[in-house]
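Peer 1: no sequence for this one, just the structure:
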């Protein structure tokens, strides 16, 4: 992943396939995917936007806040390869009634994978890498709240 520049495309494929599995795991049938194609496309675009923005936020935290190393494309790869761990959300949402707590617990594995990837790539202490991963998630929550408040049409 570190040395293969084509792994960024692999990361995007992992994000798309994981998002489709999250949709199916959420109760949509295979035939529902076909009939609800506009909502599937919207979900895939949302996943891609998350992938780009989260990676950018982590990259920004690493480079400008913690003075770490690494290129943005590498952070895209880390996030893309960590994205399938979000399938854990399917289980935490069913077990835990509190949606915020279910989101936090379901995201822990994702944050751990991103933390170790950032630790390796950026040559940061594990604590700083974890802080960058968490700052990316906090930044994503803020950005998504802002974007959800916009009415474009």
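Peer 2: Okay, I see it. Here the structure is a predicted model, which means the values were calculated and not measured.
Peer 1: Check which element follows the helix or strand of the chain with the lowest mean pLDDT along the chain.
Peer 2: For the chain, the helix or strand with the lowest mean confidence is helix 30-35, at a mean of 69 (criterion: mean pLDDT, DSSP states H and E). As assigned by DSSP states H and E, the chain's next helix or strand after helix 30-35 is helix 37-60.
Peer 1: Roughly how far does residue 6 sit from residue 13?
Peer 2: The gap separating residue 6 from residue 13 is 11 Å, by C-beta to C-beta, to the nearest Å. All C-beta atoms are positioned from the backbone trio N, CA, C, and that covers glycine.
Peer 1: Neighbour count for those two, which is higher?
Peer 2: Counted by other C-beta atoms under 10 Å, residue 6 and residue 13 do not tie: residue 13 has more neighbours, with 11 against 8.
Peer 1: Could you pull out the buried residues of whichever strand or helix holds that one?
Peer 2: Using DSSP H and E, the secondary-structure element containing residue 13 is helix 7-25. If you call a residue buried by 16 or more other C-beta atoms under 10 Å, then helix 7-25 has these buried ones: 7, 8, 11, 12, 14, 15, 16, 18, 19, 20, 22, 23.
Peer 1: Kindly report the same for stretch 74-89.
Peer 2: 74-86, 88-89.
Peer 1: And the contacts of stretch 21-30?
Peer 2: Residues from elsewhere that reach stretch 21-30, judged by C-beta atoms under 8 Å, 6 or more residues apart in numbering: 33, 36, 40, 43, 86, 87, 89, 90.
Peer 1: cool, and stretch 99-116?
Peer 2: For stretch 99-116, the external contacting residues (C-beta under 8 Å, 6+ apart) are 58, 78-79, 81-83, 85-86, 88-89, 91-93, 95-96, 126, 129-130, 132-134, 136-137.
Peer 1: How about stretch 136-151?
Peer 2: Surrounding stretch 136-151, the residues in contact under the criterion C-beta under 8 Å, 6+ apart are 50, 53, 54, 55, 57, 58, 61, 107, 111, 114.
Peer 1: distance of residue 66 from residue 121?
Peer 2: Counting by C-beta to C-beta, the separation of residue 66 from residue 121 is 12 Å.
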